[in-house]
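> I'd like to go over a predicted model; first the sequence, then the structure.
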Amino acid sequence: MSPERSVVFVVDDDVSVREALKNLLRSVGLNVQSFGTAQEFLSSKRPDTPGCLVLDIRLPGLSGLDLQSQLLEAKIQMPIIFITGHGDIRMSVRAMKGGALEFLTKPFRDQDLLDAVQQAIRRDREQRQQRAETAELRERYASLTSREQEVLALVVQGLVNKQVGDELNITEPTVKLHRGRVMRKMRADSLAALIRMAERLGVPPPR
Amino acid sequence: MRTLRDLPIKQKLLAIAIVTLAVALLLAGTGTVVSDRILFRRGMLRDLVALARIAGDNSTAALAFDDQRVASDVLAALKARPRVVAACIYKEDGTTFARYPQPAGGGACPPPAGREEVRFTSQGVTVSHPILLAGGRVGTLVLLYDPGEIAERTKLDIEIVLIILLASSLVAFLLSSRLREIIATPISRLARAAASVSQTGDYSVRVEKYSQDELGLLVDAFNEMLERVQSRDIEVKNARNSLHTTLSSIGDAVISTDTEGHIVFVNPVARSLLRWPEQDLAGKPVDEVFRIVNEFTRQSVEVPIHTVLREGNIVGLANHTVLIAGDGTEIPIDDSAAPIRDARGEMLGVVLVFRDISGRRATERLLAEQTSELRRRAQLMERVNCFVMDLEDRIVYWNPGAAELYGFSESEAVGQLSHTLLQSTFPVPLEEIRSQLMRAGRWDGELVHTRRDETRVTVASHWALHRDAEGRVLSILEVNADITERKQMEAQRAELHAKERALATERALRETEAELARVVRALSVGELATSIAHEINQPLAGVVTNAAAGLRWLSAETPDIQEARESLELIARDGNRASAMIRRIREFLKKESPQTTLLDVNEVIREAAVFAGSELQKRQVALRMEFSSELPRLRGDRIQLQQVVLNLIMNGAEAMGSTEGIRELLVTTRKSAGGDVIVAVRDSGPGISPADMLRMFDAFFTTKPTGMGMGLSISRTIIEAHGGRIWVALNDGPGLTVQFDLPAEASSPAASNQS
């Protein structure tokens, strides 16, 4: 069902719910790792693959919401689907504000959960893709010399070579040379592509 | 000459005397021999010439008369001179006229010379003398003389000289043997004395003086020199002794080394710090004995002696140096090293001084601890009540806390006798407290003091001695904590306990215990219901989810029967779990039998209020109770009714959770016009909307974030089982009032267990 090995993490202190969730998720061919407490989940070694977290709000010790904020703080971006015994508006608002993907009340419809899980995995995969792309772009950007970075910053602001040269006190042919190298190193086939890359990288930095 | 030079001075003197004498005599003898020889020869020649002249003159006539016989006689007279070997008279023509001895006698005469002459030839001395007659030469006399007597004479001379030489030498030897003592003895004495001084180092030796000559001077000078050396030696010894004593008795450890870094001296303190098994450390390389490391990095530090040897300056050691002693113990030390120089400034060695600073460290640590303790005490002081009194119990310091507790201001209290001012009641005689205080430095106990307004206050009292640096007691610090409330609470608790005991005597012990257990259960019924619902919901969620999973396993392209079976097993397990849960709840809520007794409602409420006490305190809610004293007794279940009252009190307290200002919960009882008992619980919380008011008593209705909506529902069940009603009304002011009524002499609440 999934082109890449994805993993669904289930954290619920109740053995019935935990095993039922595992059973259900497995029945549609998903990999499942389940934990009884938030601490167990945090200390586990998780594979670096797309996945999502199905999390009970009420947990002994670290609560589900606490775990959510800890993951946020640790910059672990993993889509979370909350499940709870009894719906509580305040809690659900807090969960959604913290970036939760879905908030399901037990007992929930199996299809709702499965839909939410699939969506979460898809989203995680996309986010991972994007992060990888951004990281690649960063790497390319880092490979530029500081002069090339300056040229890039000015070019994507719409300045023509002459203006860039004036700005940097270098001759136009030199600007051209740098610009050619920037395009090559950034693997941009057009100025528009370069501008899009710069936008993603947040270049030029606001002055 | 070398051998001569190395001879003892006695023999040298002897040799000098004899050699000198021998050389002088030899020279004199030689001169005598030579001159004697010359004189003797000269005399001999003169004699010969005279002899030849006489013989010639005597022969003149014989020649003239050609008388050979006379001539031979003349010549024969020469016989008297045995040394004349031969004599011949030659005629003018050269023929031999006469000869001596006779030709048979051998000995040829040498040929005549032309004139008078003396000639030395190999045969001997030849003398030719012309024989003259009347102015004309008539012949020649030739004599041959044996000069052997000259050699004989010389030989004799030499012998005499040698004998004299030998005799003189003997005499000289004997004489100088005696005389040399005069010079050699003092010198060899000096030499022996010097040797013994240098060997034994005893400078008290003196050499006897024999003469006033240069040797005497030398002895004097030697003795004087010895005296100076001796006094200097004593000075040096004294200096060394005093230095040694100083180094041995000073508190610092001292090690001195030579310029190679080998140990020369170690004083006792150093030895005890180094803890080296061998006593004699002299000659060892200092690094072997004096091992130091940095206290923190544990890296070894260069012994400062090397730094001094390298740089020639006085060196102080870096801080935080630890000496590793011979037995492995570590001692923090301070140290320094300085070069030892001689008068010319040449470095002779290095002296290293160090001391154990673990004591100082401990002092520093102690000081830091004391400081922080003082700081801590000062912080404490602001909060606690304390005062300081002198040894006569006169108050010398009175802190604001004490002023607040006792009501006496500082100016009122200072100078007063503390126990008089506070009318202290001691648990044991004051003398006993004092003696313990002096012995242990502190005393702890409970005292009762009297405030300014004559009220009594029980305090946990802590007394401590304040000492000066010498340990003399300066004053007594008394710190008091007000434990009156605690004491009262303890008393209350004891009272309640007594009450419970009284109850227990009324009923069977077993019954009471069961009741208490039910009351405790009732306390948490609201929360319990919440968690129960949650607990049941869990297995239910499991059932539903497992069912869905099971269906999916079955409806897959290749149905997985095994997984589906396991799903069904999980469903069965979860179902059983839910059912067990429900059974537990039922048992919990079920009462064995309704305990209907005649009750005083006011008392029921009071008891319930006691149970709510801690919760009300936590929520800072004041509970006011206004009871009618004319209530009829009614029949009912005490525990159930307490549950209701408790539930209403808790709801009211929770409702005021966010109320600013006074949080008061008013519980009233009154008798209705119909003779029923009406209980009202009134809060000043935010109230409730009219719509919600209608649903308040429905099961599972709640406005609380963690509530279950069971409390009021159960309460209604209980009240209705007692034949009463329960209702709610908004107050004129903030909040709402929940009331219930109970018919007097209510019938037995038979249906109450159907809640």
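Structure received. Numbering: from 1, shown residues only, chains lettered A, B, ... in the order given.

> number of nearby residues for residue B:340?
For residue B:340, the count of nearby residues is 16 (other C-beta atoms under 10 Å in any protein chain shown). No exception for glycine: its C-beta is placed from N, CA and C like everyone else's.

> hmm, I typed the wrong one, I wanted residue B:473.
Neighbour count of residue B:473, defined by other C-beta under 10 Å: 14.

> phi first, then psi, for it.
The main-chain torsion angles of residue B:473 are listed as degrees, to the nearest 10 and equal phi -70, psi 130.

> from residue B:437, how far out is it?
Shown here: residue B:473 relative to residue B:437, a distance of 9 Å by C-beta to C-beta, to the nearest Å.

> what is in contact with those two at once?
residue B:465 (C-beta atoms under 8 Å, 6 or more residues apart in numbering or on different chains).

> up against chain B, what does chain A have?
Near chain B, the residues belonging to chain A are A:14, A:16-17, A:19-21, A:23-24, A:26-28, A:58, A:85-86, A:88, A:90, A:106-111, A:113 when assessed by C-beta under 8 Å from any C-beta of the partner chain.

> same thing but 10 Å
Residues of chain A lying close to chain B (C-beta under 10 Å from any C-beta of the partner chain) are A:12-29, A:56, A:58, A:83-86, A:88-91, A:104-111, A:113-114.

> please settle this for me: is residue B:738 part of a strand?
Yes: the assignment for residue B:738 (DSSP: H, G, I helix; E, B strand; the rest coil) places it in a strand.

> so it is in contact with residue B:729, correct?
Yes: with contacts defined as C-beta atoms under 10 Å, residue B:738 counts as touching residue B:729 at a distance of 8.3 Å.

> mind naming the longest helix for chain B?
Taking DSSP state H as the assignment, the helix of chain B that covers the most residues is helix B:9-64.

> elements contacting the helix or strand following that helix?
The first helix or strand that comes after helix B:9-64 along the chain, using DSSP states H and E, is helix B:68-76. Taking 3 or more C-beta pairs under 10 Å, 6 or more residues apart in numbering or on different chains; DSSP states H and E as contact, the helices and strands that helix B:68-76 lies on are helix B:9-64, strand B:84-91, strand B:96-100, strand B:136-145.

> out of those, flag the one nearest chain A.
For the helices and strands packed on helix B:68-76, proximity to chain A was assessed by C-beta to the nearest C-beta; helix B:9-64 is nearest, at 100.1 Å.

> how far does that closest one sit from its chain's centre?
For helix B:9-64, the separation from the chain centroid amounts to 103 Å (computed by C-alpha atoms, centre = their mean, to the nearest Å).

> next: stretch B:681-691.
The chain centre lies 77 Å from the centre of stretch B:681-691; the measure is C-alpha atoms, centre = their mean.

> buried residues in that stretch?
Along stretch B:681-691, the positions that meet the burial threshold by neighbour count (16 or more other C-beta atoms under 10 Å in any protein chain shown) are B:681, B:682, B:683, B:684, B:685, B:687, B:688.

> returning to what we had before: including mean pLDDT, could the helices and strands packed on helix B:68-76 go into JSON lines?
Compiled in JSON lines, these are given as follows (pLDDT from 0 to 100):
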{"stretch": "helix B:9-64", "mean pLDDT": "86"}
{"stretch": "strand B:84-91", "mean pLDDT": "84"}
{"stretch": "strand B:96-100", "mean pLDDT": "81"}
{"stretch": "strand B:136-145", "mean pLDDT": "84"}
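
> which of the ones you listed sits closest to residue B:252?
Ranking the helices and strands packed on helix B:68-76 by proximity to residue B:252 (C-beta to C-beta) places helix B:9-64 first, at 55.9 Å.

> helices or strands up against that closest one?
The criterion is 3+ C-beta pairs under 10 Å, 6+ apart, and the helices and strands that helix B:9-64 contacts are helix B:2-6, helix B:68-76, strand B:84-91, strand B:96-100, strand B:117-120, strand B:125-133, strand B:136-145, helix B:148-200.

> still on that earlier bit, what about the residues of chain A next to chain B, which are in strands?
Among the residues of chain A next to chain B, the members found in strands (DSSP state E) are A:56, A:83, A:84, A:104, A:105.

> want to try CSV for the helices and strands packed on helix B:9-64, with mean neighbour count as columns?
Converted to CSV, the helices and strands packed on helix B:9-64 look like this (neighbours: other C-beta atoms under 10 Å in any protein chain shown):
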stretch, mean neighbour count
helix B:2-6, 7
helix B:68-76, 19
strand B:84-91, 24
strand B:96-100, 22
strand B:117-120, 13
strand B:125-133, 21
strand B:136-145, 22
helix B:148-200, 14
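
> can you list the low-confidence ranges for chain A?
A:1-4, A:86-88, A:204-207 (pLDDT under 70).

> indicate the residue of the stretch 551-700 of chain B located nearest to chain A.
Of all residues in the stretch 551-700 of chain B, residue B:552 sits closest to chain A, at 4.0 Å by C-beta to the nearest C-beta.

> contacts only, for that residue.
Contacts here follow C-beta atoms under 10 Å, 6 or more residues apart in numbering or on different chains; on that basis residue B:552 touches A:23-24, A:26-29, A:110-111, A:114, B:559-560, B:563-564, B:567.

> hang on, the earlier thing: would you turn the helices and strands packed on helix B:68-76 into a markdown table with distance to residue B:395?
Conversion of these to a markdown table gives the following (distance: least, C-beta to C-beta, whole Å):
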| stretch | distance to residue B:395 |
| --- | --- |
| helix B:9-64 | 103 |
| strand B:84-91 | 162 |
| strand B:96-100 | 171 |
| strand B:136-145 | 159 |
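
> and of those, who's closest to residue B:122?
In terms of C-beta to C-beta, the element of the helices and strands packed on helix B:68-76 nearest to residue B:122 is strand B:136-145, at 11.0 Å.

> give me the sheet partners of that closest one and which way each runs.
strand B:84-91 (antiparallel), strand B:125-133 (antiparallel) (DSSP bridges).

> dump these to CSV, plus distance to residue B:197.
Shown next, in CSV, are these (distance: least, C-beta to C-beta, whole Å):
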stretch, distance to residue B:197
strand B:84-91, 79
strand B:125-133, 75
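
> and the next element down the chain from the helix of greatest length in chain A?
When every helix of chain A is counted residue by residue (DSSP H), the longest turns out to be helix A:110-142. Next along the chain after helix A:110-142, taking DSSP H and E as the criterion, comes helix A:146-155.

> packing partners for that following helix?
Packed against helix A:146-155 by the contact rule (3+ C-beta pairs under 10 Å, 6+ apart) you find helix A:110-142, helix A:161-168, helix A:172-186, helix A:191-201.

> would you mind measuring from the spatially most central residue of chain B to chain A?
Most central residue of chain B, judged by C-alpha distance to the mean C-alpha position with C-alpha atoms, centre = their mean, is residue B:331 at 2.4 Å. For residue B:331, the distance to chain A under the criterion C-beta to the nearest C-beta, to the nearest Å works out to 46 Å.

> look at that residue and tell me its secondary structure.
Following three-state DSSP, we place residue B:331 in the strand state.

> and it, what does it touch?
Neighbour list for residue B:331: B:253, B:273-275, B:292, B:321-325, B:354-358 [criterion: C-beta under 10 Å, 6+ apart].

> rewinding a little: okay, the ones in strands among the residues of chain A next to chain B in TSV with distance to residue B:715 and neighbour count next?
Below are these laid out as TSV (distance: C-beta to C-beta, whole Å; neighbours: other C-beta atoms under 10 Å in any protein chain shown):
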residue	distance to residue B:715	neighbour count
A:56	32	25
A:83	33	26
A:84	28	21
A:104	34	18
A:105	28	17
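
> out of the residues you listed, which comes closest to chain B?
Sorting those by distance to chain B puts residue A:83 at the head of the list, at 8.1 Å, by C-beta to the nearest C-beta.
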